[in-house]
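>>> got a sequence here, can you build the structure:
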Amino acid sequence: MSVRDDRPTSYDDLCTRLAADLETMPKRLAQTASYLVAHPDEVAFGTTASIAEGAGVQPSTLIRFAKANGFEGFSDLQLLFRERLRDRNQSYDSRLATLGQDADQVPSRAVLNGFIAAGQESLAWLQRDMDLDQFDAAAALLARAGTVYLVARRRAFPPLIQLRYALAKLGIRSEICGSVNGIDNDLLAFAGPGDAAILISFAPYTAQTIEAAEQMRAQEVPIVAITDSRLSPLCTGAGARLLLAEADYAGFRASTAAMTLVMALSVATAEHRRLGRSGA
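Numbering: from 1, shown residues only. Here you go, the predicted structure:
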């Protein structure tokens, strides 16, 4: 990986660059990139030594990684992670207060239009960037499954509920493994190679979902990962990975693309099953 003259100006810029460069990175730098993206909170305020230990690399590798991406040192790169944490921790009340500062210019209709525009942008990204081969592979993988195990937490949970509803309506057996607050590893223990698991998580990736992915790999359960980057820990060992991005309005992010994707995936899975039974 050659040293870059231009340095990312935000955490999102960094993730975009790392995803694009991942396949050409030396092994240790790729390992570092995957750890940094999977553990952004720890990276924001950890020491070089503690982060290196977590990533399983030498501290000098972190410095080499930072310089390869245009930074003078690792502490400069850490600033992007701290800025991301600051922006993420902005409360809903403060976001509403920001809207209220321009109350005359941001009436209810403008707020609605803002979310509609964000949703349209999310769908445009989905249409433009979705890897259709991966989408078809995901549907084929799920069509072969005896039971589809569903795993997600936090903001990834609503699309999971929609997915469960659609699969049930289409006669495809599935199990939600837990709730928005936690994951039922005992239920996941019933999954085997003849089943499949759909795991949904977006940065910052929840530790329980990552652990569930590791459990599924250990049990040799085929995985469909729905996530936002090739650097996502869910992508490791996945039979299919479906990547998407959600636009936001005033710091609030809906799940427009994710909801659309899971509905399409459900119907495509049912169609694969129908064609398989008919011998088409």
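
>>> neighbours of residue 73, how many?
12 (other CB atoms under 10 Å). (C-beta placed from N, C-alpha, C; glycine too.)

>>> next: residue 218.
9.

>>> secondary structure class for residue 9?
coil (DSSP: H, G, I helix; E, B strand; the rest coil).

>>> likewise the one 4 residues further on?
Local secondary structure at residue 13 is given as helix here, using three-state DSSP.

>>> how many neighbouring residues does it have?
13.

>>> and it, how far from residue 146?
43 Å (CB to CB, to the nearest Å).

>>> pLDDT weak spots in the stretch 1-150 of the chain?
1-5, 87-106 (pLDDT under 70).

>>> can we see that at 80?
Applying pLDDT under 80 to the stretch 1-150 of the chain picks out residues 1-6, 38, 85-107.

>>> let me see the ranges of the strands in it.
148-152 (DSSP state E, counting those that start in this stretch).

>>> contact partners for residue 57?
By CB atoms under 8 Å, 6 or more residues apart in numbering, the residues touching residue 57 are 28, 31, 32.

>>> helices of the protein, start to end?
11-21, 27-38, 40-45, 48-55, 59-68, 74-88, 92-100, 108-129, 132-143, 157-169, 185-188, 207-218, 256-278 (DSSP state H).

>>> what residues of the third one count as buried?
Applying a neighbour-count criterion of 16 or more other CB atoms under 10 Å, the buried positions in helix 40-45 are 40, 42, 43, 44.

>>> which secondary structure elements does it sit against?
Judged by 3 or more CB pairs under 8 Å, 6 or more residues apart in numbering; DSSP states H and E, the packing partners of helix 40-45 are helix 48-55, helix 74-88.

>>> got the domain boundaries for this protein?
11-88, 130-278 (automatic domain parsing).

>>> any idea which of these gets closest to residue 108?
domain 130-278 (13.2 Å; CB to CB).

>>> list the contacts of the nearest residue to residue 51 once chain neighbours are set aside.
Nearest residue to residue 51, sequence neighbours excluded (CB to CB, 6 or more residues apart in numbering): residue 43, at 5.8 Å. Neighbouring residues of residue 43 by CB under 8 Å, 6+ apart: 36, 51, 78, 81.

>>> the second one and residue 39: what is the separation?
By that I understand residue 51. Taking CB to CB, one finds residue 51 at 8 Å from residue 39.

>>> next: the third one.
Applying CB to CB, the value for residue 78 to residue 39 is 12 Å.

>>> one more: residue 275?
Taken as CB to CB, the span from residue 275 to residue 39 is 42 Å.

>>> and those two? Which one has more around it.
A side-by-side neighbour count of residue 275 and residue 39, using other CB under 10 Å, places residue 39 first with 20 against 11.

>>> ok, that one touching residue 56?
No. Under the criterion of CB atoms under 8 Å, residue 39 is not in contact with residue 56, lying 11.9 Å apart.

>>> tally of neighbours for the residue lying closest to residue 239 once chain neighbours are set aside?
Distance criterion CB to CB, 6+ apart; nearest residue to residue 239, sequence neighbours excluded, is residue 222 at 4.5 Å. Using other CB under 10 Å, residue 222 has 22 neighbouring residues.

>>> now, which of the buried residues of helix 40-45 sits nearest residue 185?
Using CB to CB, the buried residues of helix 40-45 come closest to residue 185 at residue 42, 22.5 Å.

>>> ok so, going back, most neighbours among the contacts of residue 43, which one?
Going by other CB under 10 Å, residue 36 tops the contacts of residue 43 with 25 neighbours.
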